[in-house]
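Peer 1: The following comprises the amino acid sequence and a computationally predicted model.
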Amino acid sequence: MTDQEILDKVKKGDESALDFLYKKNYKMMINMIIKNNGTEDEAKDVYQEALLAFWLKASSGKLEMTSKISTYIYSICQNLWRKELDRKSRLSHEQKDGIEPDTADQTERARLINLCLNELGETCKKILYYFYYDDLSMDDIAGKMGFANADTAKTKKYKCKKELDKLVKTKFSSNDFLD
Amino acid sequence: MLSNNQYSEQIEAYLKGELSPESASVLENEIANNPILSNELDLQKSIIETIKESRKAELKTRLNNIDLQSGAQSWWKYAAVASLVTSFGAWMYFNSPATKIEQSEEVNKTEEKVSSSQSAVNNNAVLGPNKEVDSEKVTKKELVAKETSSDKYSKKDKKIKDQIPSLPTLNTPEEGRESETLNKDLDAPRHNLTSTPHLGGTVAGVEVVKSKKHKFHYRYFDTKLFLYGNFDSNTYDILELNTSNGQSLYLKYENNYFGLEQNKTEISKLEQVSDSDILKKLEEIQKK
């Protein structure tokens, strides 16, 4: 696949392009991080983050490519890894701060929302994924989901989100909100 | 005042960054003065954040399941499960010359462990109910070939059986590393059909040499790994670890791990592994 072909696929949210890129660039990215004092696990993590950052930008159509895709991903990897090294060296200097009081609440909230998300049907879940994470256009969502057109996708997305909101709110009003 | 639905839409657009700066500041103003709206905003933030996290996790799982070893999408991956149960087991039985089995007896013994973490392959029928039958067949052949050290075989048999419960998980790859190795292993027979399977294809066998001079040493010679020392009295295992630089082998002996560098053709002392990352991985592959 050429870069252009890859980009075209990514813009439509076609994950096969993601698979292709992951495999194609794996060695290069992993080696770069390992050579810079990373473990293989860290390398993999950073590489995945970088690739997904590219995916996000490109799938939402916000990316103007001026370089090769691999060069672009490579530079994200470098940046992320530099940040991670910084973070590590800071951690070794200072004592870890206590966990922020909010975090526990938020984790619990996320857990509940996740439960609701999984109560939705597969179709709804996918639509919400594509809309909120991949940031695909309604046209592309319709294409991926096999809907007649963007309007159908829009209506479905609206209904799915309402359903999720409803599920979440029932969970919360009984658990959290009345506190 | 807007209706609830209109507020929902505004908040949604706001969070997507689609409101004009003017509308955004109007909304921000209202939110600041209205606890219900501000609660709603918080909740919507959490919901969208969670959707994103969930999708991200899904994509990461997808990436982790990608077969990094083989070039093209291989039919093998899918056919393997079915064919291994039937034909490969049969193949092992009919095609393995007894002499070969005898020669690689030590390999088999150690391989069982090597592969227990990852391979469903060299153990011919591990993927199906034929398993026991086949391993018994092979064992019988071995016995014909070499009837002497019978307790070794029973030991080996036991090992094979011990493995069974852990194997089904191999068919449902989930978190990353497992599936890589799974796919690799399913691919392995293609390359190895003509030789002793496994040990990364780099080592064709393991032989224990009793030596007065070398009590705890090893070397490679003619693609075979020679262990010098009193290894028969205690079980040892050869473990294989996939790293970015290829495969590395390790010897497990009395719960310690020793590196087996594959370029050592001279008799070398076994050096204990101290790298905690490697140790962690070695522990991990044995659990699976």
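Peer 2: Now that the structure is in, tell me what you want to look at.
Peer 1: what helices or strands is the helix or strand encompassing B:S46 leaning on?
Peer 2: Applying DSSP states H and E as the criterion places B:S46 in helix B:35-64. Here helix B:35-64 touches helix A:15-35, helix A:40-59, helix A:101-119, helix A:150-175, helix B:4-15, helix B:21-33, helix B:177-192, going by 3 or more Cβ pairs under 8 Å, 6 or more residues apart in numbering or on different chains; DSSP states H and E. (Each C-beta comes from the backbone N, C-alpha and C, glycine too.)
Peer 1: Now do that helix against helix A:15-35, angle only.
Peer 2: In terms of direction (axes from the mean of the first three to the mean of the last three Cα atoms, to 10 degrees), helix B:35-64 departs from helix A:15-35 by 80 degrees.
Peer 1: Near chain A, which residues of the stretch 1-150 of chain B are found?
Peer 2: Neighbours of chain A within the stretch 1-150 of chain B, by Cβ under 8 Å from any Cβ of the partner chain: B:8, B:12, B:39, B:43, B:46-56, B:58-60, B:62-63, B:66, B:68.
Peer 1: For those residues, which ChimeraX command selects only the ones that are buried?
Peer 2: Command for ChimeraX that selects the buried part of the residues of the stretch 1-150 of chain B next to chain A, burial taken from 16 or more other Cβ atoms under 10 Å in any protein chain shown:
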select /B:8,12,43,46,47,48,49,50,51,52,54,55,56,59,60,63,66,68
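Peer 1: Spatially nearest residue to A:F54, not counting backbone neighbours?
Peer 2: A:I73 (5.3 Å; Cβ to Cβ, 6 or more residues apart in numbering or on different chains).
Peer 1: Quickly note the distance from the one you found to chain B.
Peer 2: A:I73 sits 13 Å away from chain B, taking Cβ to the nearest Cβ, to the nearest Å as the criterion.
Peer 1: element containing that residue?
Peer 2: With DSSP H and E as criterion, A:I73 is part of helix A:69-93.
Peer 1: Show me what the mean pLDDT comes to for that helix.
Peer 2: Average pLDDT, helix A:69-93: 92.
Peer 1: now what about that helix, what contacts it?
Peer 2: A:3, A:6-7, A:21, A:24-25, A:28-29, A:32-33, A:36-38, A:42, A:46-47, A:49-51, A:53-54, A:65 (Cβ atoms under 8 Å, 6 or more residues apart in numbering or on different chains).
Peer 1: From those, list just the buried residues.
Peer 2: By 16+ other Cβ under 10 Å, those give A:6-7, A:21, A:25, A:29, A:32-33, A:38, A:42, A:46-47, A:49-51, A:53-54 as buried.
Peer 1: need the contact list for A:Y133.
Peer 2: A:56, B:51-52, B:55-56.
Peer 1: how about a cut-off of 10 Å?
Peer 2: For A:Y133, the contacting residues are A:52, A:55-56, A:59-60, B:48, B:51-56, B:58-59, by Cβ atoms under 10 Å, 6 or more residues apart in numbering or on different chains.
Peer 1: Let me know the closest of those to A:D140.
Peer 2: Within the contacts of A:Y133, the smallest distance to A:D140 is 8.3 Å, found for A:S59 (Cβ to Cβ).
Peer 1: Quick check, that closest one in contact with A:D135.
Peer 2: Yes: the criterion here is Cβ atoms under 10 Å, and A:S59 meets it with A:D135 at 6.3 Å.
Peer 1: can you count the residues close to the residue lying closest to A:N37 once chain neighbours are set aside?
Peer 2: If the residues on either side of it in the chain are set aside, A:N37 comes closest to A:L85, at 7.3 Å by Cβ to Cβ, 6+ apart. By other Cβ atoms under 10 Å in any protein chain shown, 15 other residues sit near A:L85.
Peer 1: what's the distance between A:L85 and chain B?
Peer 2: 17 Å.
Peer 1: Identify, from the buried ones among the contacts of helix A:69-93, the entry nearest to A:N118.
Peer 2: The closest of those, once distances to A:N118 are taken by Cβ to Cβ, is A:E49, at 23.9 Å.
Peer 1: three-state assignment of B:F226?
Peer 2: Secondary structure, DSSP: H, G, I helix; E, B strand; the rest coil: B:F226 is strand.
Peer 1: and it, bridged to which residues?
Peer 2: Going by DSSP bridges, B:F226 is paired in beta bridges with B:E207, B:R219.
Peer 1: Retrieve the pLDDT associated with it.
Peer 2: For B:F226, pLDDT reads 79.
Peer 1: Which secondary structure element of chain A has the lowest mean pLDDT?
Peer 2: Lowest on mean pLDDT, DSSP states H and E among the helices and strands of chain A sits helix A:101-119, with a mean of 86.
Peer 1: Which neighbouring elements make contact with it?
Peer 2: helix A:122-128, helix A:150-175, helix B:35-64 (3 or more Cβ pairs under 10 Å, 6 or more residues apart in numbering or on different chains; DSSP states H and E).
Peer 1: List the buried residues in that helix.
Peer 2: Buried residues in helix A:101-119 (16+ other Cβ under 10 Å): A:109-110, A:112-113, A:116-117.
Peer 1: from these, which single one is nearest chain B?
Peer 2: Chain B has its nearest neighbour among these in A:I113, at 4.1 Å by Cβ to the nearest Cβ.
Peer 1: check contacts around the closest one.
Peer 2: Contacts of A:I113 by Cβ under 10 Å, 6+ apart are A:164, A:167-168, A:171-172, B:43, B:46-51, B:53-54.
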